[in-house]
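K.L.:
What shape does this take:
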Amino acid sequence: MDRTLIRYQVRPQQQDENERLVREVFDALHGQPIEGLRYLAWRLDDGSHFHLVGTEPATPRDALLELAPFRRFQAGVRERCMVQPEAGRITLIGNFRMLADG
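P.N.:
Got it, this is the predicted structure:
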């Protein structure tokens, strides 16, 4: 599984809007699952956000872009952020009961 971690920090006045948009993405995924895609998001108290995207080899890399709510989330993310999104591939070193495919 290929995993990418995206991190960014949202402006205080944009926290609720950003969270609403992220929740819409999850609602869409629950209603229209994408085969081979795993996705989760965290929000820290300081406004930092972390999204973890996992894809199986056969999953198209732009599969999330097919979802209208994800495109809406991405459309204004740079304006909502005080620290811009950075993405990087990550490697799982250890897992104890946190991730199902550990």
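K.L.:
C-alpha from now on. contacts and neighbour counts both.
P.N.:
OK.
K.L.:
Over to I34: give its phi and psi.
P.N.:
phi -100, psi 120 (degrees, to the nearest 10).
K.L.:
which residues touch it?
P.N.:
The contact partners of I34, by Cα atoms under 8 Å, 6 or more residues apart in numbering, come to A63.
K.L.:
what separates it from F26, distance-wise?
P.N.:
11 Å (Cα to Cα, to the nearest Å).
K.L.:
likewise L5?
P.N.:
Applying Cα to Cα to L5 and F26 gives a distance of 17 Å.
K.L.:
So for Y8, what's the nearest residue that isn't a sequence neighbour?
P.N.:
Spatial nearest neighbour of Y8, excluding adjacent residues (Cα to Cα, 6 or more residues apart in numbering): P85 at 4.4 Å.
K.L.:
Which parts of this structure are helices?
P.N.:
For the chain, applying DSSP state H gives helices covering 15-31, 68-75, 77-80.
K.L.:
hang on, L67 packs against F26?
P.N.:
No - using Cα atoms under 8 Å, L67 is not in contact with F26, being 10.2 Å away.
K.L.:
Show me the residue sitting in the middle of this protein in space.
P.N.:
Central residue of the chain (Cα atoms, centre = their mean): H51, 3.4 Å from the mean position.
K.L.:
Specify the beta-bridge partners of that residue.
P.N.:
I6, A41 (DSSP bridges).
K.L.:
How much space separates it from Q74?
P.N.:
Distance of H51 to Q74, computed by Cα to Cα: 13 Å.
K.L.:
Same question for L21.
P.N.:
9 Å.
K.L.:
Find me the pLDDT at G102, would you?
P.N.:
Looking at G102, its pLDDT is 47.
K.L.:
typo on my end, it should be P60
P.N.:
At P60, the pLDDT recorded in the model is 88.
K.L.:
Equivalent analysis for L37, please.
P.N.:
95.
K.L.:
got a list of what it touches?
P.N.:
53-56, 59.
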